[in-house]
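Peer 1: model the structure of this input:
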Amino acid sequence: MANVNVQVHHVTRVEGHGNIVVNARNGVLEECRLDIVETPRFFEAMLRGRPYTESSHITSRICGICAVGHATASLRATEAALNVELSEQTQLLRKLIFHGEQLDSHVLHTYMLVAPDFFGVGSVIPLAAIAPDAVVRALRMKKLAGAVCAAIGGRHTHPIAMTVGGFTHLPAVDEIRSLRNRLVDARKDVDDTVALFKTLPWPKFERETEYVALSKPDEYAFIDGVITTTDGGSYEIKDYRKVTNEKVIQHSSAKHCAHKRESYMVGALARFNVNHTQLDPRAQAAAEALGLKAICINPYMNTAAQVVEIVHCVEDAIRICDELIARGIQTETPHKFAGKGGEGAGSCEVPRGILFHNYIIGDDGRVVGANCIIPTGQNLANIEADMRALVPQILDQGQAKVQMMMEMLVRAYDPCISCSTHFL
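Peer 2: This is a model prediction of the structure:
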């Protein structure tokens, strides 16, 4: 009978600090958990009393990887509270910069955080020595993603041009045309990415759970939509608390969430399971090549779903560029505060899953209250449920194997642990 005592302090190749604890005695699992040990961030308290115009700039600092996503969710919550309508041009530009950030983050995770496990190395540094072409390809794709974000948002990280109702700066048509040409040229790198990840031996593990993502009737949703679950639930964004149901956990400075089951999963795999029929045809072909079929219940395949989304985001970004070029970039009138506050919720699908921002704004234009629920916080209970299901299946393979599989499982979720802390 197997005895295992795994104590990982801290998990490597993830954002933030989390500990894995697994104890089994005589083949019986006694402890199995993921401890989130970082201090809470208190961004919601920082917002109170601040002008609503500062909200997106403050909350984009929650994450340097998902800065555009937080800014977007923040703006959508503010716009809902103030009844601000968006032009089609603003919606297109926001989708374009969003694709840039998805590409940037997914390339980082798939190539630099996950791939080293399959190549038997500890990080991207030794990976560069044995697979230099792959690492250079990843850097090239990240450079393109950064250029997309900078052209629309004013800089790569923490956008400064995104504002309530639109943008303070608009790209020229020539800039959009240049981005389009670079995105078309990137198709070879995207195809080579699919070919590389097609060769990886994904771990064989399945566990049924609920998957939650935004959905729209006419597109693969990243911004706005309806909260949809694979268990048959659908909710308006303003009713997000009916899904998240946060609760404090003794061993975690991040809360856990549950909807209809003990946990649910968000992220690329959840989006794929909910919205796979709306993927670009090239992305659907990539999913088939990677062996990804809905409903997929293998959490390790979240990385494969990210590769599929890389394909989709590049293709949809090309389409958006074509539409913007055809329309021309038009000057827009900035939003002006009308002296009437309100409450609003905004949501978008950042790389790690569905994100919620909820603000109450007073008639003086200052934030009275705020609530932010991060994707990784929503995933933590599901990660632990996966751990508890997986460990008994692999106990007989020894402690080193158990530890490796646990670390790979946590990494598969692409957690942003610092962002998830939400203790109070």
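Peer 1: now do the same contact list for residue 368.
Peer 2: By Cβ atoms under 8 Å, 6 or more residues apart in numbering, residue 368 lies in contact with 48, 341, 360, 361, 362. Quick note: C-beta positions are derived from backbone N, CA and C, even for glycine.
Peer 1: just among the residues you listed, which is most surrounded?
Peer 2: Neighbour counts for the contacts of residue 368 peak at residue 361, which has 24 neighbours (criterion: other Cβ atoms under 10 Å).
Peer 1: and the gap between the nearest residue to that one once chain neighbours are set aside and residue 385?
Peer 2: Residue nearest to residue 361 in three dimensions, not counting chain neighbours: residue 341, with 4.1 Å by Cβ to Cβ, 6 or more residues apart in numbering. Residue 341 is 40 Å from residue 385, where distance means Cβ to Cβ, to the nearest Å.
Peer 1: pLDDT score assigned to residue 1?
Peer 2: Confidence at residue 1, expressed as pLDDT, is 60.
Peer 1: burial of residue 185, as a residue count?
Peer 2: With other Cβ under 10 Å as criterion, residue 185 counts 11.
Peer 1: try the one 3 residues further on
Peer 2: By the other Cβ under 10 Å criterion, the neighbourhood of residue 188 contains 10 residues.
Peer 1: in stretch 181-192, what counts as buried?
Peer 2: By 16 or more other Cβ atoms under 10 Å, the buried positions in stretch 181-192 come out as 182, 183, 186, 189, 190.
Peer 1: including secondary structure, could those go into JSON lines?
Peer 2: Putting the buried residues of stretch 181-192 into JSON lines (DSSP: H, G, I helix; E, B strand; the rest coil) gives the following:
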{"residue": "182", "secondary structure": "helix"}
{"residue": "183", "secondary structure": "helix"}
{"residue": "186", "secondary structure": "coil"}
{"residue": "189", "secondary structure": "helix"}
{"residue": "190", "secondary structure": "helix"}
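Peer 1: farthest-separated two in these?
Peer 2: Within the buried residues of stretch 181-192, 182 and 190 form the most distant pair, 12.2 Å apart (Cβ to Cβ).
Peer 1: so how far is residue 272 from residue 123?
Peer 2: Separation of residue 123 from residue 272 (Cβ to Cβ) stands at 28 Å.
Peer 1: those two: which is more packed in?
Peer 2: Neighbour count, other Cβ under 10 Å: between residue 123 and residue 272, residue 272 has more, with 28 against 12.
Peer 1: wait, isn't that one in contact with residue 292?
Peer 2: Yes - with contact defined as Cβ atoms under 8 Å, residue 272 counts as touching residue 292 (6.8 Å).
Peer 1: can you pull out the strands in the stretch 101-250 of the chain?
Peer 2: 162-163, 166-167, 210-215, 226-229, 234-235 (DSSP state E, counting those that start in this stretch).
Peer 1: redo the ones you listed as CSV? Include mean pLDDT, mean neighbour count and distance to residue 71.
Peer 2: Supplementary listing: the strands of the stretch 101-250 of the chain in CSV, determined by pLDDT from 0 to 100; neighbours: other Cβ atoms under 10 Å; distance: least, Cβ to Cβ, whole Å:
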stretch, mean pLDDT, mean neighbour count, distance to residue 71
strand 162-163, 97, 22, 5
strand 166-167, 97, 22, 11
strand 210-215, 98, 24, 17
strand 226-229, 98, 21, 20
strand 234-235, 98, 14, 24
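Peer 1: using CSV, please lay out the ones you listed together with distance to residue 332.
Peer 2: Listed next are these as CSV, based on distance: least, Cβ to Cβ, whole Å:
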stretch, distance to residue 332
strand 162-163, 10
strand 166-167, 5
strand 210-215, 25
strand 226-229, 27
strand 234-235, 32
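Peer 1: how about these, which one is nearest residue 315?
Peer 2: Of the strands of the stretch 101-250 of the chain, nearest to residue 315 by Cβ to Cβ is strand 210-215, at 19.2 Å.
Peer 1: now do the strands in the stretch 301-424 of the chain.
Peer 2: Under DSSP E, counting those that start in this stretch, the stretch 301-424 of the chain gives strands at 342-350, 353-361, 367-373.
Peer 1: quick one: strands adjacent to the last one?
Peer 2: Put plainly, it is strand 367-373. Strand pairing for strand 367-373, using DSSP bridges, gives strand 353-361 (antiparallel).
Peer 1: what angle do the strand it pairs with and strand 342-350 make?
Peer 2: Strand 353-361 runs at 160 degrees relative to strand 342-350, counting by axes from the mean of the first three to the mean of the last three Cα atoms, to 10 degrees.
Peer 1: then strand 353-361 to CSV, C-alphas only?
Peer 2: What follows is strand 353-361 as a C-alpha-only set of coordinates in CSV (Å, rounded to 0.1, in the frame of the first residue of the first chain):
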residue,chain,number,x,y,z
GLY,A,353,-11.7,32.3,-17.9
ILE,A,354,-14.7,34.4,-17.1
LEU,A,355,-14.0,37.6,-15.2
PHE,A,356,-16.6,39.8,-13.4
HIS,A,357,-16.4,43.4,-12.3
ASN,A,358,-19.3,45.0,-10.4
TYR,A,359,-19.4,48.7,-9.5
ILE,A,360,-21.8,51.1,-7.7
ILE,A,361,-21.2,54.7,-8.8
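Peer 1: for the longest helix seen in the chain, list every residue counted as buried.
Peer 2: Looking across the chain with DSSP state H, the single longest helix is helix 302-327. Neighbour counts over helix 302-327 (16+ other Cβ under 10 Å) mark 302-321, 324 as buried.
Peer 1: for that helix, what does the pLDDT average out to?
Peer 2: 98.
Peer 1: CSV for the contacts of residue 368, including distance to residue 284 and pLDDT?
Peer 2: Below are the contacts of residue 368 laid out as CSV (distance: Cβ to Cβ, whole Å; pLDDT from 0 to 100):
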residue, distance to residue 284, pLDDT
48, 45, 97
341, 44, 97
360, 41, 98
361, 41, 98
362, 47, 98
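Peer 1: which among the residues you listed gets closest to residue 257?
Peer 2: Relative to residue 257, the closest of the contacts of residue 368 is residue 360; by Cβ to Cβ it sits at 21.7 Å.
Peer 1: so what touches stretch 288-298?
Peer 2: By Cβ under 8 Å, 6+ apart, stretch 288-298 touches 194-195, 197-198, 202-209, 211, 230, 269, 272-273, 276, 287, 301, 304-305, 307-308.
Peer 1: same check, this time on stretch 392-404
Peer 2: With contacts defined as Cβ under 8 Å, 6+ apart, stretch 392-404 is touched by 2, 4-6, 8, 20, 22, 24, 27, 29, 117, 205, 391, 405.
Peer 1: just name the closest of these to residue 354, please.
Peer 2: The closest of the contacts of stretch 392-404, once distances to residue 354 are taken by Cβ to Cβ, is residue 205, at 23.4 Å.
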